[in-house]
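Q: Quick one, what's the 3D model for this:
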Amino acid sequence: MGKSAAKKTTARYRCSECGYVSLTMVGRCPGCDAWGTMAEDAPLREDRMGRVAVARAEPISSVDVMPEERIPSGIGELDRVLGGGWIRGGVVLLGGEPGVGKSTLLLQVCSAMAACGRHVLYISGEESAGQLALRARRLGVNERNIDILCGADLPSMLEAASSYEFLVIDSVQSFRLDDENGWAGSPGQVRTVASRVAEVAKRRGIPTVVVGHITKQGQIAGPKILEHMVDVVIMFSGERTLSHRLIRAEKNRYGGTDELGIFEMTEGGLEAVTDPSRLYWGKGGASVSGVAVGISLEGSRPLAAEIQALSAPTPFPYPKRTARGIDTNRIQLLLAVLERRCGIFSRSSDVYVNVAGGLSIQDPAADLSICASLASSLKDVSISPDTCLIGEVGLAGEVRPASRSHLRIREASRLGFKNAVVSAREKLSVPSDSEIQIVKVFAVSQMIERLVK
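A: This is a model prediction of the structure:
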């Protein structure tokens, strides 16, 4: 009777940045070209013949799918970004600059969920219990059904989370596990801590929020694999000199990533902005050259964005192009369209463009309002303040239709605009109770002839 084949193991090495797997140890990751990020991973079990156990697959049609049960967070702007609320066992990674209000937002979320009778646990590795309690009382947080744990012993704190219905980990970079070498916040430790938290959340069905620090470049600190391990990645941002804060989803396995949540920071905490158009557009005052209003769409939410342009003669051979809230390359492209298709030259002028209120615009339908603002500034002729512009501009100077134009027109009508300039290819019907007039143009040159005379 022969002896059974003894099993052996094959070492594998995984990159802590991108997750690339190699069977040999290398200094530089072939996947992302990062140095010193390869570390030994869990080995594969093989027998003497080099055979590896093969998992049994099953048809996707045989898998039972349970309907998603959403748990409202109690804050409408956050639910909008999440896609309706938390998912049981879902792990959300919340990133943002220091002082932007991440802990404030999470304490208010905990308060809203506790007010609905849910038991909440807040685990902090950065603040003491006294600091958390002081902030909670300053914000007027409902302290009933909210428990806190502060310290560095994450495994024991996660074991205590089994009886709770909502969990907050603040932050993933502040804890260290003995299973992995390195200091707290190192790539290996961040990956191990996130893996342990995700395993506990999914095994016990607890909605979990993990706070993550960000780098100088605005990305979440730690290995990129951290964002792959969680279900949702949301970023909380805002200008230090402004009171409002923006929240967006960069990844969402349970919904879309095109929604925008807007808050205003007050002495009593964060308050949801119910009418964001009033925040980014100020009606009234004398008309000034270089100002045009476009209706931008953030997810399903239309916003009135005020585009401001300023041109000034320059004595230098290379004029300056500066933009805030809009990509500078986009400004360069639209200036070229105005010069080539409309005969409006800017080669001897410095051009500065700004979106009022600190809003950042990526919507292509804002092209027409940007062109109107630039042309108005370069020709020093103002545009009527009761006119808004909606449309994408092509390199041929044509005006293309915008997505969901009916939502944009409805918002423009609600805000009291009298005229809306859109593409002639749009098929729009004005609401019966609206007084807004639709002005259709085929090209940017037609828009300039009508508005910038």
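
Q: after the worst-scoring helix or strand of the chain on mean pLDDT comes which helix or strand?
A: Lowest mean confidence among the helices and strands of the chain (mean pLDDT, DSSP states H and E): strand 38-46, at a mean of 69. Next in sequence after strand 38-46, counting helices and strands by DSSP states H and E, comes strand 70-71.

Q: Can you list the strands that that following strand pairs with?
A: strand 86-87 (antiparallel) (DSSP bridges).

Q: Can you tell me what sits against the strand it pairs with?
A: Counting by C-beta atoms under 8 Å, 6 or more residues apart in numbering, strand 86-87 makes contact with 68-73, 92, 166, 207, 231, 254, all of which sit outside it. No exception for glycine: its C-beta is placed from N, CA and C like everyone else's.

Q: among the residues you listed, which one has the lowest pLDDT?
A: Least confident by pLDDT among these: that is Glu68, with 78.

Q: Report the buried members of the contacts of strand 86-87.
A: 70-71, 73, 92, 166, 207, 231, 254 (16 or more other C-beta atoms under 10 Å).

Q: okay, among those, which ones form the most distant pair?
A: Using C-beta to C-beta, the two most remote members of those are Phe166 and Tyr254, lying 16.2 Å apart.

Q: how deep is Ala225 tucked in, by neighbour count?
A: Slight slip there: residue 225 is Ile, not Ala. 19 (other C-beta atoms under 10 Å).

Q: Backbone dihedrals for it, both of them.
A: phi -60, psi -20 (degrees, to the nearest 10).

Q: and the gap between it and Glu180?
A: 13 Å (C-beta to C-beta, to the nearest Å).

Q: Now the common contact residues for these two.
A: By C-beta under 8 Å, 6+ apart, the residues touching both Ile225 and Glu180 are Arg191.

Q: Domain-wise, how is the protein divided?
A: Using automatic domain parsing, the domain parsing of the chain gives 8-46, 70-274, 279-451.

Q: can you redo those domains as CSV with distance to Ala57?
A: Listed next are the domains of the chain as CSV, based on distance: least, C-beta to C-beta, whole Å:
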stretch, distance to Ala57
domain 8-46, 18
domain 70-274, 21
domain 279-451, 37
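
Q: Please identify which of the ones you listed is closest to Val54.
A: Closest among the domains of the chain, once you apply C-beta to C-beta, is domain 8-46, at 11.6 Å.

Q: And that closest one, what's buried?
A: 12-20, 22, 29, 34, 37-39.

Q: Mind checking which of those are in strands?
A: Judged by DSSP state E, the buried residues of domain 8-46 include 12-15, 22, 38-39 as members of strands.

Q: out of those residues, which one sits closest to Ser369?
A: Cys15 (44.2 Å).

Q: My read is that that closest one contacts Met38, right?
A: Yes. Look at Cys15 against Met38 with C-beta atoms under 8 Å: they come within range, at 5.7 Å.

Q: which neighbours do those two share?
A: Common neighbours of Cys15 and Met38 (C-beta under 8 Å, 6+ apart) are 22, 29.

Q: Run through the neighbouring helices and strands of the helix of greatest length in the chain.
A: When the chain is parsed with DSSP state H, its longest helix is helix 187-204. Applying 3 or more C-beta pairs under 8 Å, 6 or more residues apart in numbering; DSSP states H and E, we find helix 187-204 packed against strand 91-96, helix 154-159, strand 208-212, helix 225-229.

Q: Beyond the first one, next helix or strand please.
A: Think strand 91-96. Next along from strand 91-96, by DSSP H and E: helix 102-115.

Q: Kindly report the same for the last one.
A: Following the chain from helix 225-229 toward its C-terminal end, the next helix or strand by DSSP H and E is strand 232-237.

Q: can you pull the buried residues of the helix or strand just after that following strand?
A: Downstream of strand 232-237, the next assigned helix or strand under DSSP H and E is strand 244-252. By neighbour count on 16+ other C-beta under 10 Å, the buried set for strand 244-252 is 244-249, 252.
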